[in-house]
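Novice: Fold the following and give me the result.
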Amino acid sequence: MIEYPAQGDAPRSHLPFSPCTRFGDFIFVSGQASVDSEGAIISDTFEGEVRRSIDNLRRVLESAGSGLRYVLQTRNYVRDPADVAAFNRIYPEYFQPPYPARTTITHCLPEVLKYEIECVAVMPPERR
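Specialist: Numbering: from 1, shown residues only. Sure, this is the predicted structure:
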């Protein structure tokens, strides 16, 4: 059965998607960007947008009963390829070795966003 975990303080969106879905022990988190709790975009420096986006990802995972340390895979969208070096510097502050599987795609976001992240995670062993 597919579940749609309660969102707690995770950001809301006016767009037609669920922030996350859960099937068994797997959690699938939709793309998280630099938005406030109501889903309004917060423009910032690239680093600021990365940090806010990953914090939003963390909040969605925690609302589903998991967390960043249980992420299996991330998909990262970086508008400007010149920002990939900064992204590679920031990423290890949130994800520890051995790192999740990762894909990073450039030239893919609208002008209003610099970064977006989505992931697949699992429930912690104690919650399975």
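
Novice: Can you tell me the centre-most residue of this structure?
Specialist: When CA atoms, centre = their mean is applied to the chain, the residue found nearest the centroid is Leu57 (3.5 Å).

Novice: In space, what's closest to it - neighbours in sequence excluded?
Specialist: Spatially, and ignoring its direct neighbours in sequence, Leu57 is nearest to Gln32 (4.4 Å; CB to CB, 6 or more residues apart in numbering). Every C-beta, even on glycine, is put in place using the N, C-alpha and C of the backbone.

Novice: close enough to count as contact, the one you found and Leu68?
Specialist: No - with contact defined as CB atoms under 8 Å, Gln32 and Leu68 do not form a contacting pair (11.8 Å).

Novice: Show me how far the top helix by length along the chain is from its chain's centre.
Specialist: With secondary structure taken from DSSP state H, the chain has its longest helix at helix 46-63. The gap between the average C-alpha position of helix 46-63 and the chain average comes to 6 Å, counting by CA atoms, centre = their mean, to the nearest Å.

Novice: and that helix, what does it pack onto?
Specialist: Using 3 or more CB pairs under 8 Å, 6 or more residues apart in numbering; DSSP states H and E as the contact definition, the elements that helix 46-63 packs against are strand 20-23, strand 26-32, helix 84-90, strand 115-122.

Novice: and among those, the most buried is which?
Specialist: For the helices and strands packed on helix 46-63, the largest average neighbour count (mean count of other CB atoms under 10 Å) is found in strand 115-122, namely a mean of 23.
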